[in-house]
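here's a sequence, model it:
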Amino acid sequence: MHIGLRPTAIAGALMAALALILSGCGGSSSTTQSSSSSTAAASATPTSSTASETTTASTTTTSSTTSSEKVPTIDIQLASSVKLDPISAHYTCDGANTSPPISWSHVPPNTAEIDLFLFNLAPVHGKLFANWAVAGLSPKLRGLSAGQLPAGAILGRNSHGQVAYSLCPAKGPAVRYAFLMYALQKKIPVSTGFDAEKLREKALHTAESAGLLGLSYKRQ
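Residues are numbered from 1 along each chain as shown. Predicted structure coming up:
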């Protein structure tokens, strides 16, 4: 699902806004939401945790804004050639646990690099759970094949403590996730195993444009 929106600097709203949006509209690749219901979705700063993934989402939002804070416009359009709502078990720890194929368009011409994150939208101890973090993607790229990363891509550490992709929620209700992509005008130097939360925060204040793609999974 691609969600087109223009975010505001409302700290702490990502968990609640995205959980609400995704639970209401599913995961088709062409759905567009109005900004009135989701303007805060990409402006919050998620943080990672080493705890297990959970399925209980927070509904608390913060109404304060910081007018001087730089936030990206979400206009990168992400899509997937495979069904993401729900996603196939092949792309989870019940299968091969490899990343699904995704593609994107509308990357600004002055982009220096692209950073990509996958977060569980349910908070773990009040923080978002990072499932995947990739930095240093070339602005010329327009997609990733399943389980593949191009030369130059840098993997961060997820909240499972792995320098890898992993989508492995606890058994129970369906869990909502979101790919978050940022087009950066200036590269942010990182090394393999970087902290996903810290890079996500820096990307938020550096990116000119961003994109969002939702998915869900329920373990049996």
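
use CA for all of it now, contacts and neighbours both
OK.

which secondary structure element of the protein has the lowest mean pLDDT?
helix 35-38 (a mean of 30; mean pLDDT, DSSP states H and E).

helix or strand next in line after it, which one?
strand 73-74 (DSSP states H and E).

report the rounded mean pLDDT for the next helix or strand after that next one.
Note on strand 73-74: by DSSP H and E, the next helix or strand toward the C-terminus is strand 77-79. Averaged over strand 77-79, pLDDT sits at 93.

neighbouring strands - and their directions - for strand 77-79?
strand 102-105 (antiparallel) (DSSP bridges).

next secondary structure element downstream of the partner strand?
strand 113-124.

elements contacting that next one?
helix 14-25, strand 127-137, strand 175-184, helix 196-206 (3 or more C-alpha pairs under 8 Å, 6 or more residues apart in numbering; DSSP states H and E).

pLDDT below threshold where in the protein?
1-71 (pLDDT under 70).

list the contacts for the residue nearest to Gly143 when sequence neighbours are not counted?
The shortest distance from Gly143 to any non-neighbouring residue, by C-alpha to C-alpha, 6 or more residues apart in numbering, is to Ser103 (3.8 Å). With contacts defined as C-alpha atoms under 8 Å, 6 or more residues apart in numbering, the neighbours of Ser103 are Leu78, Ala79, Ser80, Arg142, Gly143, Leu144.

need phi/psi at the fourth one.
Which is Arg142. With angles defined as degrees, to the nearest 10, Arg142 sits at phi -130, psi 20.

distance to Thr111 added to the helices and strands packed on strand 113-124, as JSON lines?
As requested, those are arranged in JSON lines below (distance: least, C-alpha to C-alpha, whole Å):
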{"stretch": "helix 14-25", "distance to Thr111": "24"}
{"stretch": "strand 127-137", "distance to Thr111": "10"}
{"stretch": "strand 175-184", "distance to Thr111": "5"}
{"stretch": "helix 196-206", "distance to Thr111": "11"}
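
could those go into JSON lines alongside distance to Ala151 and mean neighbour count?
Putting these into JSON lines (distance: least, C-alpha to C-alpha, whole Å; neighbours: other C-alpha atoms under 10 Å) gives the following:
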{"stretch": "helix 14-25", "distance to Ala151": "31", "mean neighbour count": "20"}
{"stretch": "strand 127-137", "distance to Ala151": "9", "mean neighbour count": "26"}
{"stretch": "strand 175-184", "distance to Ala151": "18", "mean neighbour count": "26"}
{"stretch": "helix 196-206", "distance to Ala151": "20", "mean neighbour count": "20"}
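
between the ones you listed, which gets nearest to Leu149?
Evaluated over these, closeness to Leu149 peaks at strand 127-137, with 8.8 Å, by C-alpha to C-alpha.
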